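Chemist: What follows is a predicted structure for the sequence shown.
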Amino acid sequence: MADYQDIRGLRVKYLSADPGDPAAGEVWYNSTTGTLKSVVSSGGWSTTTSMPVSNQLGVGLGTATVGLVAGGYEGPPGSQNITLEFNGSGWSGGGNLNTGRHALGGFGIQTAAVVFGGKVDPGGANPANVEEYDGTTWTEQTDQPVAMQGSSGAGILTAGLSIGGQTGPGNPTRVTTTLEYDGTNWTTGGVLPAAKTFAGTAGTQAAGLAFGGNIAPANAANTTEEYDGSSWTSVPGTLNTAVFEQGKCGTQTAALSVGGNTSPTYTAFSTGTEEYDGTTWTEQTSMPVATNALMAFGSTTNAIAAGGSLPAIISTCYEYNFGITAVTGATWASGGALTTARWGLGSGKNSQTLTTGLVFGGGGSPYGPIGIATEEYDGSSWTGGGNMNTPRYLLGGAGSQTAALGAGGYSYPPPASINAVEEYNGSSWINVTSLPQIRQDMSSFGTQTAAILAAGRDRPGAVNYSTTLSYDGTNWTTLSSPANVNTQRQALSGSGTQTAGLATGGSTSPKKQTEEWDGSAWTTQNSSINEHNNVNSSQLGIQTNALICGGGPSPSTATEGYDGTSWSTRPSMATGRYSSAGGGSATSGFMAGGYTTTQVAVTEEYSGETSAANIQTLTTS
């Protein structure tokens, strides 16, 4: 009998700890745990960033890192015209469809997509119109010859398929129709062996796949058909669970079927994940929740399942990975509560870490007591530091746990902005050179000896500033134009360094403005997806990898990530709030305090997506 060395050409290693980067199939004995281990391939689902809206019956296209969801149904009043783009971490808005609809078909990729047919509610009409997407804008194309809903698509923009569907909104008739698209016109292709709607599909125009679907009289099918570019052939491989309205993606020889409806009365949904290898469907790790009418895109090794219904329509998304790497999605988790609940705190943001955090100042209920307290975070609990000399909140902050800067802010009573500046040495605050202007609610970032303050306002004058102030550890300088922000505003946030910063949100509509700082000038960039007002210290990270959290005036849970070009969604915080304070990076940080209906002491910790080798213990069972 061949042993492991004969098969692999390697000996079984004897190690005291698991190796840091093991290869697929590598086997070793861990002497500490007394177990035989190996890296094995397996599939699994993890939660990823939810869509900004609840959605079902849209179309999903592209890959798990460059994906697209278009159209869909959110519930009354009806069909959606939205386009959501996925970048592997989060969602951002694309160009709207010209015709809002659900139960539509589609094919292609994020920058070259086609959608067709569907249903328009209210009204219930089936549109025949076709639209192409170039990554920015949807453009009307030649209509399909027959108006249908529930058709499925496969292929690319210049060589696509429309498969099956149903005609007539009142008494729908399922069809065996296949239509082929060449980028301009539609022609009739091969006939399906059985009329079906809402089928799973995958592949190309010359090598297509159809599986499952809804067949008369409203029953789920488990059949599989392959297309060779001219005709369909029923093949022996059948789904283990008959479904329709499932998520689908992949190719003719490597397809994925996810979730779906198993009941003609829409009362039973599936958690099933099945993979097709060109011959056989094999059950893989089930989805966490039985879901119907979801949108899927990607491949059999990496896919996204977005939204759907439980039967309540949801925004939840899951990521599927099959391989030797196990993926854990980004998430917020509860951290240690502040000793003193407050809002409008200052912090050093990206100059701190999750385990070396610092917040200072802050207030009670609106126009309530103003705080001087300083608290330090070790990754699990907060402890008191030295008190500030001047009580304030809505102040600017920069620096680390042992070398911080607190500047300006708001004092009460009477209501007034201040220009006092203090430096923290890890135990006590020392008064230093004051700001040249009284200022609060500003964007602030940098270090104790190299800081930037921008925009903000004064009180009681309520004048919004556009100016930028620079600090060198001794003196403040009011920088000359073009150092002014492009949008004059207050209650915005900031992060980064003295020569590469970011300012986001604020009080001026649409409250989504983003500007980048290069050390001498501000440049307007792509806006955030959500409004972020009253986010003074709620931004983490650097100019090319930032995170902004929450905002007001209605306390928000929204979290977004910035990649140096555009914003996309991230997992939402558990507690909606504004005027909180954070520290750390866009992949490992915290958000503390803030205001909901009153000031809170809540701390949440953010962890970005991680991956690790899928190490398994080998047993004889």
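Modeler: Sure thing, it's come through.
Chemist: can you tell me how far the residue lying closest to residue 106 once chain neighbours are set aside sits from residue 470?
Modeler: Using C-beta to C-beta, 6 or more residues apart in numbering and skipping residues adjacent in sequence, the residue nearest residue 106 is residue 59, 3.7 Å away. (Each C-beta comes from the backbone N, C-alpha and C, glycine too.) According to C-beta to C-beta, to the nearest Å, residue 59 stands 50 Å off from residue 470.
Chemist: And for residue 339?
Modeler: 33 Å.
Chemist: between these two, which one's more packed in?
Modeler: Counted by other C-beta atoms under 10 Å, residue 339 and residue 470 do not tie: residue 470 has more neighbours, with 19 against 13.
Chemist: could you say which helix or strand contains the more buried one?
Modeler: In the assignment (DSSP states H and E), residue 470 maps to strand 468-471.
Chemist: mind listing what that strand pairs with, with the direction of each?
Modeler: According to DSSP bridges, strand 468-471 forms sheet pairs with strand 450-454 (antiparallel), strand 476-478 (antiparallel).
Chemist: all helices for the chain, in order.
Modeler: Ranges of helices in the chain, per DSSP state H, are 4-8.
Chemist: can I see the domain layout of it?
Modeler: Per automatic domain parsing, the domain ranges recorded for the chain read 55-322, 338-601.
Chemist: I'd like the ones you listed laid out as TSV, including mean pLDDT.
Modeler: Shown next, in TSV, are the domains of the chain (pLDDT from 0 to 100):
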stretch	mean pLDDT
domain 55-322	96
domain 338-601	96
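Chemist: among those, which is nearest residue 37?
Modeler: Nearest to residue 37 among the domains of the chain is domain 55-322; the distance by C-beta to C-beta comes to 19.9 Å.
Chemist: How far off centre is the closest one?
Modeler: Remark: domain 55-322 is offset 22 Å from the chain centroid, using C-alpha atoms, centre = their mean, to the nearest Å.
Chemist: just to revisit the earlier point, tell me the most buried of the strands paired with strand 468-471?
Modeler: strand 450-454 (a mean of 25; mean count of other C-beta atoms under 10 Å).
Chemist: separation between residue 461 and residue 416?
Modeler: From residue 461 to residue 416 the distance is 10 Å (C-beta to C-beta).
Chemist: ignore the last one, residue 250
Modeler: For residue 250, the distance to residue 416 - C-beta to C-beta - is 63 Å.
Chemist: Which of these two has more residues huddled nearby?
Modeler: Ranked by neighbour count (other C-beta under 10 Å), residue 250 and residue 416 place residue 250 first, with 24 against 15.
Chemist: where do the strands sit along the stretch 251-400 of the chain?
Modeler: Assigned by DSSP state E, counting those that start in this stretch, the strands in the stretch 251-400 of the chain fall at 254-258, 273-276, 281-283, 295-298, 302-309, 313-323, 325-328, 331-334, 346-347, 357-360, 374-377, 382-384, 396-399.
Chemist: Present those strands as a markdown table; the columns should include distance to residue 226 and mean neighbour count.
Modeler: Shown next, in a markdown table, are the strands of the stretch 251-400 of the chain (distance: least, C-beta to C-beta, whole Å; neighbours: other C-beta atoms under 10 Å):
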| stretch | distance to residue 226 | mean neighbour count |
| --- | --- | --- |
| strand 254-258 | 10 | 26 |
| strand 273-276 | 10 | 24 |
| strand 281-283 | 13 | 15 |
| strand 295-298 | 20 | 27 |
| strand 302-309 | 21 | 27 |
| strand 313-323 | 22 | 22 |
| strand 325-328 | 31 | 16 |
| strand 331-334 | 40 | 15 |
| strand 346-347 | 59 | 34 |
| strand 357-360 | 57 | 29 |
| strand 374-377 | 58 | 24 |
| strand 382-384 | 61 | 14 |
| strand 396-399 | 62 | 30 |
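Chemist: Could I get these in TSV, plus columns for distance to residue 199?
Modeler: Below are those laid out as TSV (distance: least, C-beta to C-beta, whole Å):
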stretch	distance to residue 199
strand 254-258	10
strand 273-276	13
strand 281-283	14
strand 295-298	13
strand 302-309	16
strand 313-323	20
strand 325-328	29
strand 331-334	34
strand 346-347	53
strand 357-360	52
strand 374-377	53
strand 382-384	55
strand 396-399	56
